[in-house]
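A.B. asks: 3D, please:
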Amino acid sequence: MASEELIDNPVTTQLQPAPSTLPSYPDMIMATIEALNDENGSNKSAIAKQIEATYGTLPPAHGTLLVHHLNKMKQSGQLVMAKNNYMKPNPNAPLRRGRGRPPKPKSPLPVGYVPPPPRTRGRPPKERYPNAPIPVPMKKTNSGGTGKKRGRPRKNPVTNPAVAQPLSGAPRGRGRPPKVKPPVAATVGA
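C.D. replies: Presented below is the predicted three-dimensional model:
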């Protein structure tokens, strides 16, 4: 119901743009390059002038739309760019290679081959020989030792309760205490 009202209203029909009779930009560009038929290709300004001459009324953003579609067609391989000129790609030309080294050809795997399970993380365990004798643990003997433990001696906790208690009842705050200023004597009448 609301759409019927919009169609009948003459004000809204004037605001709506007329349906575009222009073909799509890629079609216009390809037709223009074929029409120009330059062996070295056609530059951007020649393509723009030819489209303006052929199709007449163009959108206000024609320049930016043309640049956008030319770049898009160049990236997709529909156009080739050489010396700032756009041309159709040669159908007999070899395909462009990708970057980097190509992968090595993979040899076919034999039938029934099962790949080994993936390795676990970390260092693999040492091999154990089943026929090897079990080592007997050695007893510790105190031979020529001083009887002291190795390393730094432990710090004994303070056992004197008088030293452990703070002198004042209030806990001290963090940081450096403020400087105590001597009282200034007031000068009498001058």
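A.B. asks: what's the weakest-modelled helix or strand in this structure?
C.D. replies: Sorted by mean pLDDT, DSSP states H and E, the helices and strands of the chain end with helix 10-15, the least confident at a mean of 42.
A.B. asks: For the top helix by length along the chain, name the packing helices and strands.
C.D. replies: Looking across the chain with DSSP state H, the single longest helix is helix 62-76. With contacts taken as 3 or more C-beta pairs under 8 Å, 6 or more residues apart in numbering; DSSP states H and E, helix 62-76 sits against helix 25-36, helix 44-55. Quick note: C-beta positions are derived from backbone N, CA and C, even for glycine.
A.B. asks: rerun that using 6 Å as the cut-off
C.D. replies: helix 25-36 (3 or more C-beta pairs under 6 Å, 6 or more residues apart in numbering; DSSP states H and E).
A.B. asks: how about the CA coordinates for the helix it packs on, as CSV?
C.D. replies: Presented in CSV, the C-alpha positions along helix 25-36 are these (Å, rounded to 0.1, in the frame of the first residue of the first chain):
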residue,chain,number,x,y,z
TYR,A,25,32.1,-0.3,-16.6
PRO,A,26,34.0,-3.5,-17.4
ASP,A,27,31.9,-3.8,-20.6
MET,A,28,32.4,-0.2,-21.5
ILE,A,29,36.2,-0.5,-21.0
MET,A,30,36.5,-3.6,-23.0
ALA,A,31,34.4,-2.1,-25.9
THR,A,32,36.5,1.1,-25.8
ILE,A,33,39.8,-0.8,-25.9
GLU,A,34,38.5,-2.8,-28.9
ALA,A,35,37.3,0.4,-30.6
LEU,A,36,40.6,2.2,-30.1
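A.B. asks: relative to helix 44-55, how tilted is it?
C.D. replies: Helix 25-36 and helix 44-55 are oriented at 100 degrees to each other (axes from the mean of the first three to the mean of the last three C-alpha atoms, to 10 degrees).
A.B. asks: Run through who's touching helix 25-36.
C.D. replies: 42, 47, 50, 51, 65, 69, 73 (C-beta atoms under 6 Å, 6 or more residues apart in numbering).
A.B. asks: at 10 Å instead, please
C.D. replies: Residues outside helix 25-36 that contact it (C-beta atoms under 10 Å, 6 or more residues apart in numbering): 22-24, 41-43, 46-51, 53-55, 58-59, 62, 65-66, 68-70, 72-73, 76, 78-79, 85-88.
A.B. asks: Next, the spatially most central residue of the chain: phi, psi?
C.D. replies: Centroid check for the chain by C-alpha atoms, centre = their mean gives residue 99 as the closest residue, at 20.0 Å. Phi and psi for residue 99, reported as degrees, to the nearest 10, are phi -80, psi 150.
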